[in-house]
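Trainee: predicted model follows, preceded by the sequence.
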Amino acid sequence: MAATQKDPVLVTLQLSGGNDYLNTVIPFNEPLYRDNRPAVGIADDQILHIDKDYGFHPAMAPLKKVWDQGKLAILHGTGYANSPRSHFRSMDIWHTCEPDKVGTEGWLGRVAREFDPKKENVVTTVSFGPCLFRALAVPGVPVACVAGPLDKYGFLPAIQEKQERMNVLSRFARMYSPVAGSSVMEYLGTTGLDGLKGADILKVAPQRYASTVKYPNTPIARKLQGIAQVHLADLGTRIFYCDHGPFDTHAGQNPAHGALWSAVCEGLEAFMADLREHDHADNVTILLFSEFGRRVHDNGSGTDHGAAGPAFVLGDHVKGGHYGEYPSLKAEKLVQGDLNPSMDFRGIYSTILERWLRLDPKPIVGGRFDQPAFLN
Amino acid sequence: MAYQEDIALMAHLMRRAGFGAGRDELEARLAKGYEATVEELLHPETQPPVDVYTLLRYQPAALLPGGQPPMGNVNVMFSLVNTKRPLEEKVALFWHHLFATGNSKVDNYDQLLEQINLFRQRGLGNYRDLLLEVARNPTMLFWLDNNQNHGTAVNENWGRELLELFSMGVGNYTEKDVREASRAFTGWTFETKIPRLPYGRFPWKFEYRPEDHDDGEKEFLGHRGRLNGEDIINIVVEQPACARFVCRHLYNFFVADEPQVPAWSIEQPRDPKAVDALAKVFKESQYDVRSVLRVLFNSDFFKNARFQHMKSPAEVVVGSLRLVGGYEIPRPGYGDLSMQPAYMGQDLLNPPSVEGWHTGPEWINSGSLMARINFVADLVGNTSLPGIRAIINRLRAKGTLSPEQLVDGCLDLLGPVEVGSDTRKELLEQAKEWGATNWANETSAKTADLRVGQMLQLIVATREYQFA
């Protein structure tokens, strides 16, 4: 596939566990915010004001800088009707764009298939996390899933001695070479060789990498640094995926939520600085989402599962600002105590697909949705 | 050669009816005999249960884990790794797969574990009784919305899946039957869930509400009357389609991979005679699962189906942990261990949908294949683990090993694993590069251990090893 370093690239950072909307983008002029958050509100003098109505959590200073530069879009009230308030089901819906039935194909897996229908580049998609996120899963579409450190990625990581490793991996390749006969063995062979090829391509990334940027010592920063290494190596990767969490702050929210956002924001700050240092920032757009927001009224120590949440998109081509409406906090407007979603998440995907990745969104998200215009 | 064939057959039985076994156990079972082993497996009550107090001493939160992984998974993994009743656990997994309910909606591992216990206790018994228990199981009632199935407003979710996924399969009933079955289950619900806060979760209990039950005349699969849920189940189990459907599931799980369930109404079983034979026993024994499995495990079609089944992630993880040993105590870190099947695509207690997991080749993608191979390779490459030491000790007892002996010895003691000639050639070439292996002195013994570990790693990385 003819991928140049200037092909548009999407990085998705999943905030797993349900991020609390009200303490992320704080409507500090709204008296109902204080009424509903006696225990887990953010004190007025702590809030990082971004304009006359809204402020960020104090842990989000690096993201405020991006906002100040006009490169951060806040997507308000994201979600979908009849939010199930289950982590897994909600995450599935975001991943598959199927709110009404259980879907099997991930939206980004479909994107990868569009980009590389002949599977010429097995690292078109690179994921940093313990498993294959369903957003990336489409049968037959290869994904490089990096579960641990990038320089250990590949089959049989325990065998590290160089000559021994080369030996063993070349045996592996021959053992997975095409065989006549069973289609299952054939399929296993292709899948194994895809994985091997992917590992072989990716191993150059940490070797080529040199940077003055210091990343914080957090799991998300390590994942983002891995993404930077692969992106800077110009391997034709178009879709990156990673996650951080758990944002499931039922209890002890005040310290936990701040620590989570510090890790995310400081990681992102280092990541963007790294890309800039290498002149590789302008073709990257970053999407942050969570499967749902949290209950409006706190439970005395944390917040329970809710519905609408915020999503964020940042990058050089992003038109910063607010998109959509912050859902009303008025009791009569809440759905079972939760903010009522006002923006379908598939609209956000559609904007990214049409205006950034240059693909027809309809077959990927399963319909036409209003597209917030956050990309130039 | 008879010994080798007998060991291979016993290993096959233990992989399918359990989670594999090391050579010492296989030999002990061989001394008892194949049929006697089948009987022992079919009667788990003859073996001691797992020591739940050990679990609770190390992982107290695994007793009532609430809604969050991984404590529910820890509970299940502890039993899978430690059970002396392998078929009881295997059958529980089978029913979990068939009557798939998941934490994604239930949000309550306490209730899911209760359901797994039901499968352990009743899974080898009478299918009709089990189906009735499942119909009264609060987890299932909630999962399929039967608590929303009212006399005045019918919800067809449970009624439909009962027929489509749990008993007969599509094409064996009409939409009217779905409607009538659903009507018959109105009023089958569970005690009102008490709000979780501030006191935590309460156990769910089945409740029948006559005032919410539609007691009117119904017509279902040719039967008329004021049918209630139990009548529906009695009618369903008598259908020839039910016997074929349940037995095809048993065949797919225990014998050889079938196409995915939605294709069953179009595609014939790969061995229709085998499924028919099982269905005949099912009917004659009045739906006794134990009787069907006795015939299955003793049949030629089972004995001839070695490595015709892609290991599920649970089989990969549990089989490996039991083989290498050392993971009996649920120490800190067990949470991540118990999530390993999820990393390979099988999140236990949380199947992707009511259809359960897609099996066979659909277990494999580039991410899951790497996760499978690396997980197992890390374990078998650790030559300090007791199960791997046992393999090394048996090899060492043979004296100096030629490359052929090293390869064949490792293949043998790891299964026996059967590999194609191309694969064996690669393994052999690797061994030839190393030359002869011996434990004559401390230095050569160290190298020999390392080589055995690496040979085992290469073997578990093969395509063939993905099958059971």
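Mentor: Perfect, thanks for sending it.
Trainee: contacting residues for the nearest residue to B:V154 once chain neighbours are set aside?
Mentor: Leaving out its chain neighbours, the residue that sits closest to B:V154 by C-beta to C-beta, 6 or more residues apart in numbering or on different chains is B:S182, at 5.0 Å. No exception for glycine: its C-beta is placed from N, CA and C like everyone else's. Taking C-beta atoms under 8 Å, 6 or more residues apart in numbering or on different chains as the criterion, B:S182 is in contact with B:149, B:154-156, B:158-160.
Trainee: quick check, B:S182 in a strand?
Mentor: No - membership of B:S182 in a strand is not supported by DSSP: H, G, I helix; E, B strand; the rest coil, which gives helix.
Trainee: what's the average pLDDT for the helix or strand hosting B:A28?
Mentor: Assessed by DSSP states H and E, B:A28 sits inside helix B:23-32. Per-residue pLDDT over helix B:23-32 has a mean of 97.
Trainee: tell me the gap between it and the middle of its chain.
Mentor: Centre-to-centre, helix B:23-32 and its host chain are 23 Å apart (C-alpha atoms, centre = their mean, to the nearest Å).
Trainee: cool, stretch B:459-468 as well?
Mentor: Centre-to-centre, stretch B:459-468 and its host chain are 19 Å apart (C-alpha atoms, centre = their mean).
Trainee: burial count for the closest residue to B:N234 other than its chain neighbours?
Mentor: In this structure, B:N234 finds its nearest non-sequential neighbour in B:R128, 7.1 Å apart by C-beta to C-beta, 6+ apart. Neighbour count for B:R128, taken as other C-beta atoms under 10 Å in any protein chain shown: 18.
Trainee: same question, the one 5 residues further on
Mentor: By the measure other C-beta under 10 Å, the count of residues near B:E133 is 19.
Trainee: ok, A:A251 next?
Mentor: By other C-beta under 10 Å, 12 other residues sit near A:A251.
Trainee: verify the contact between it and A:D298 for me.
Mentor: No - under the criterion of C-beta atoms under 8 Å, A:A251 is not in contact with A:D298, lying 10.4 Å apart.
Trainee: show me what the helix holding B:A28 packs onto, helices and strands only.
Mentor: With contacts defined as 3 or more C-beta pairs under 8 Å, 6 or more residues apart in numbering or on different chains; DSSP states H and E, helix B:23-32 has these neighbours: helix B:2-17, helix B:386-396.
Trainee: what about the helix ranked longest in chain A, average pLDDT?
Mentor: Longest helix in chain A, counting residues (DSSP state H): helix A:253-277. For helix A:253-277, mean pLDDT rounds to 97.
Trainee: name the helices or strands packed onto that helix?
Mentor: On a contact count with 3+ C-beta pairs under 8 Å, 6+ apart, helix A:253-277 meets strand A:9-15, helix A:61-68, helix A:219-232, strand A:239-244, strand A:284-290.
Trainee: what's near enough to touch the closest residue to chain A within the stretch 301-450 of chain B?
Mentor: With C-beta to the nearest C-beta as the measure, B:G367 is the residue of the stretch 301-450 of chain B nearest to chain A, at 3.5 Å. For B:G367, the contacting residues are A:127, A:131-132, A:143-145, by C-beta under 8 Å, 6+ apart.
Trainee: in contact with residue 30, which residues?
Mentor: Went with chain A since none was named. Residues in contact with A:E30, defined by C-beta under 8 Å, 6+ apart, are A:L329.
Trainee: hmm, I had chain B in mind actually
Mentor: B:6-7, B:10.
Trainee: look up how far B:D6 lies from it.
Mentor: Applying C-beta to C-beta, to the nearest Å, the value for B:L30 to B:D6 is 6 Å.
Trainee: who's in contact with the helix or strand of chain B with the lowest mean pLDDT?
Mentor: Lowest by mean pLDDT, DSSP states H and E among the helices and strands of chain B is helix B:103-106, with a mean of 82. Residues outside helix B:103-106 that contact it (C-beta under 8 Å, 6+ apart) are A:84, A:86-89, A:92, B:67, B:69, B:72, B:109, B:112, B:139, B:142-143, B:349-350.
Trainee: list just the nearest of the residues you listed to A:L288.
Mentor: Nearest to A:L288 among these, counting by C-beta to C-beta, is A:H87 at 17.1 Å.
Trainee: now the closest one. Nearest residue, chain neighbours left out?
Mentor: Using C-beta to C-beta, 6+ apart and skipping residues adjacent in sequence, the residue nearest A:H87 is A:E291, 6.0 Å away.
Trainee: tell me if B:L80 really is in a helix.
Mentor: Yes - secondary structure of B:L80 (three-state DSSP): part of a helix.
Trainee: mind listing what it touches?
Mentor: B:L80 neighbours (C-beta under 8 Å, 6+ apart): B:19, B:89, B:314, B:318.
Trainee: which one (most neighbours) among these?
Mentor: Greatest neighbour count in the contacts of B:L80, by other C-beta under 10 Å, goes to B:V318: 28 neighbours.
Trainee: what about A:K101, which SS state?
Mentor: Per three-state DSSP, A:K101 ends up coil.
Trainee: tell me the spacing between it and chain B.
Mentor: According to C-beta to the nearest C-beta, to the nearest Å, A:K101 and chain B sit 9 Å apart.
Trainee: count of residues packed around that residue?
Mentor: 8.
Trainee: quick one: low-confidence parts of the stretch 351-468 of chain B?
Mentor: For the stretch 351-468 of chain B, no stretch is flagged by pLDDT under 70.
Trainee: now the helices: where do they sit in it?
Mentor: Ranges of helices within the stretch 351-468 of chain B are B:366-380, B:386-396, B:403-413, B:421-434, B:442-460, based on DSSP state H, counting those that start in this stretch.
Trainee: wait, doesn't A:V138 sit right on A:E114?
Mentor: No - with contact defined as C-beta under 8 Å, A:V138 does not reach A:E114; the gap is 10.5 Å.
Trainee: these two: who's more crowded?
Mentor: It is A:V138, of A:V138 and A:E114, that has more neighbours when counted by other C-beta under 10 Å, with 21 against 17.
Trainee: residues contacting the spatially closest residue to B:P262 that is not a sequence neighbour?
Mentor: Of all residues not flanking B:P262 in the chain, B:E355 sits nearest, at 7.4 Å (C-beta to C-beta, 6+ apart). Contact analysis of B:E355 by C-beta under 8 Å, 6+ apart lists A:102, B:100, B:165, B:261-262.
Trainee: the residues you listed, buried ones only, as a PyMOL selection?
Mentor: In PyMOL, this line selects whichever of the contacts of B:E355 come out buried by 16 or more other C-beta atoms under 10 Å in any protein chain shown:
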select buried, chain B and resi 100+165+261
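Trainee: residues touching residue 135, list them.
Mentor: Just so you know, I chose chain A. For A:A135, the contact set (C-beta under 8 Å, 6+ apart) comprises A:12, A:94-96, A:106-109, A:241.
Trainee: looking at chain B here, not the other one
Mentor: B:A135 makes contacts with B:158, B:162, B:185, B:188, B:229, B:233, as judged by C-beta under 8 Å, 6+ apart.
Trainee: wait, the first one sits on B:F185?
Mentor: Right, the one you point to is B:W158. Yes - if you go by C-beta under 8 Å, B:W158 and B:F185 touch, sitting 6.0 Å apart.
Trainee: domains in chain A, by residue range?
Mentor: Listed by automatic domain parsing, the domain ranges of chain A are A:9-151+A:215-365, A:154-202.
Trainee: nearest to B:K446, out of those domains?
Mentor: Among these, the nearest to B:K446 by C-beta to C-beta is domain A:154-202 (14.3 Å).
Trainee: can you report how many residues lie near the residue of the stretch 101-250 of chain B with the smallest separation from chain A?
Mentor: Using C-beta to the nearest C-beta, the single residue of the stretch 101-250 of chain B nearest to chain A is B:S104, 3.5 Å away. When neighbours are counted by other C-beta under 10 Å, B:S104 registers 22.
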